[in-house]
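Trainee: What follows is a predicted structure for the sequence shown.
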Amino acid sequence: QVQLVESGGGLVQAGGSLRLSCAASGRSFSNHAMGWFRQAPGKEREFVATIRWSGNRTLYADSVAGRFTISRDNTKNTVYLQMNSLKPEDSAVYYCAADLTFGNKWYDGRGMDYWGKGTLVTVSS
């Protein structure tokens, strides 16, 4: 059974940092782009970041560029999201996703091959 399991969410004060992890199991994702989306209460899901299967290319939403860093370890089948300088507006459920395609497809998140169930991030002011 293929699974993406997120961890690392929690409560943090504004200006703080968190590191999210997404561990994949059930198959190798070394040829998949992996990335993160988020959804705040009452809002639509939005793209956060994605990383190519090789790790040599990344894309970020404008709202997180310069504050968040995505990385991956294919030996561990895991993708990470380092979140620094967190703001209250970063509060959301963060979802991990994987797809064979890297690029513009990630901006709306439609048709991703795999999704995790999410981890909650709450940033207090």
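Mentor: Thanks, I have it. Numbering: from 1, shown residues only.

Trainee: okay, which residue is most central for this structure?
Mentor: Centroid check for the chain by Cα atoms, centre = their mean gives Trp36 as the closest residue, at 2.2 Å.

Trainee: list the contacts for that one?
Mentor: Leu20, Cys22, Val48, Ala49, Thr50, Ile70, Val79, Leu81, Tyr94, Tyr95, Cys96, Ala97 (Cβ atoms under 8 Å, 6 or more residues apart in numbering). Yep, even glycine has a C-beta here, placed from its N, CA and C like the rest.

Trainee: Next up, the contacts around the third one.
Mentor: The neighbourhood of Val48, defined by Cβ under 8 Å, 6+ apart, consists of Gly35, Trp36, Phe37, Arg38, Tyr60, Ala61, Val64, Phe68, Leu81, Tyr94.

Trainee: nearest spatial neighbour of it, skipping sequence neighbours?
Mentor: Trp36 (4.2 Å; Cβ to Cβ, 6 or more residues apart in numbering).

Trainee: Extract the C-alpha set from the strand or helix carrying that neighbour and format it as PDB.
Mentor: Here Trp36 sits within strand 33-39, counting by DSSP states H and E. C-alpha atoms of strand 33-39 as PDB (Å, rounded to 0.1, in the frame of the first residue of the first chain):
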ATOM      1  CA  ALA A  33       8.500  15.100  -8.100                       C
ATOM      2  CA  MET A  34       7.400  15.600  -4.500                       C
ATOM      3  CA  GLY A  35       6.100  18.700  -2.800                       C
ATOM      4  CA  TRP A  36       3.800  20.400  -0.400                       C
ATOM      5  CA  PHE A  37       0.400  22.100  -0.500                       C
ATOM      6  CA  ARG A  38      -1.500  23.800   2.400                       C
ATOM      7  CA  GLN A  39      -5.100  24.600   3.200                       C
END
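
Trainee: ok, which stretches of this structure are strands?
Mentor: Here the chain has its strands, by DSSP state E, at 3-7, 10-13, 18-25, 33-39, 46-51, 58-60, 68-73, 78-83, 92-99, 114-115, 119-124.

Trainee: right, so the ones you listed: which one is the most enclosed?
Mentor: Mean neighbours per residue, mean count of other Cβ atoms under 10 Å, is largest over the strands of the chain for strand 33-39, with a mean of 25.
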